[in-house]
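Engineer: Fold the following for me, if possible:
(one chain, ligands or ions: 1)
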Amino acid sequence: MAKPIFVLNGPNLNLLGTREPDIYGHETLADVETLARERAQSHGHRIEFRQTNHEGELVTWIQDARDQAAALVINPAGYTHTSVAVHDALKMLEIPVIELHLSNPHKREPFRHRSFVSSAATGIVAGLGPKGYGIAVDAVAALLD
Ligand code: CA2
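Structural biologist: Model (predicted):
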């Protein structure tokens, strides 16, 4: 069986849909997972969708993607702006990697303007809200074809 597209989510995204809807939208993480799963199926792919509040767990999952995933979509959330460990793990991948954000960090506070992830990503999707998850899956499907 073909390898899945990993869709990995970082800290606090389990609370999606419960706060700050003006920034992040009204959809929950479960809604976003359904959207990404349906979009992957429409392209003949499947996804492995995960969320963690722990940096080390996220690093381990990125390492798992080296031999278990066809591609990686990652919303590292707050770790985007802080984590050398996430950066180092992503640099070890030889598959397409999409950095994904619901909001556009460049329109927000200056501390969100620095990403440790962008330089290790194939491409970036940001500022498109929950729909960005579907668009990121479209992008990796196009890269894998
Ligand atoms: O826009 C994004 O997707 C972010 O990765 C979200 C992170 C933020 O630190 C990044 O700068 C941009 C924050 C995730 C927090 O998620 C919540 C969503 C709704 C309610 C509470 C938390």
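
Engineer: okay, CA-based contacts and neighbour counts for the rest of this
Structural biologist: Noted.

Engineer: What mean pLDDT does the strand or helix carrying Leu8 get?
Structural biologist: Using DSSP states H and E, Leu8 falls within strand 5-9. Averaged across strand 5-9, the pLDDT comes to 98.

Engineer: Likewise for stretch 24-44?
Structural biologist: 97.

Engineer: list the buried ones in it?
Structural biologist: 24-26, 28-29, 32-33, 35-40 (16 or more other Cα atoms under 10 Å).

Engineer: again with stretch 87-96
Structural biologist: Going through stretch 87-96 with 16+ other Cα under 10 Å, the ones that come out buried are 87-90, 93, 95-96.

Engineer: Any part of the strand holding Leu8 near the ligand?
Structural biologist: No. No part of strand 5-9 sits close enough to the ligand to count as contact by Cα under 6 Å from any ligand atom; the gap is at least 8.5 Å.

Engineer: Neighbouring strands of that strand in the sheet, and parallel or not?
Structural biologist: Strand pairing for strand 5-9, using DSSP bridges, gives strand 47-51 (parallel), strand 71-75 (parallel).

Engineer: Adding mean pLDDT, write those out as CSV.
Structural biologist: Formatted as CSV, the entries for the strands paired with strand 5-9 read as follows, by pLDDT from 0 to 100:
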stretch, mean pLDDT
strand 47-51, 98
strand 71-75, 98
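
Engineer: what's in contact with stretch 119-134?
Structural biologist: With contacts defined as Cα atoms under 8 Å, 6 or more residues apart in numbering, stretch 119-134 is touched by 23-25, 27, 32, 35-36, 39, 87, 90-91, 96-105, 118, 135-136.

Engineer: show me which of these neighbour the ligand.
Structural biologist: Applying Cα under 6 Å from any ligand atom to the contacts of stretch 119-134, one finds that 24, 101-103, 105 fall near the ligand.

Engineer: possible to save the residues you listed as a markdown table with secondary structure and distance to Asn75?
Structural biologist: Rendered in a markdown table, the data for those read as follows (DSSP: H, G, I helix; E, B strand; the rest coil; distance: Cα to Cα, whole Å):
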| residue | secondary structure | distance to Asn75 |
| --- | --- | --- |
| Tyr24 | helix | 13 |
| His101 | strand | 6 |
| Leu102 | coil | 8 |
| Ser103 | coil | 11 |
| Pro105 | helix | 12 |
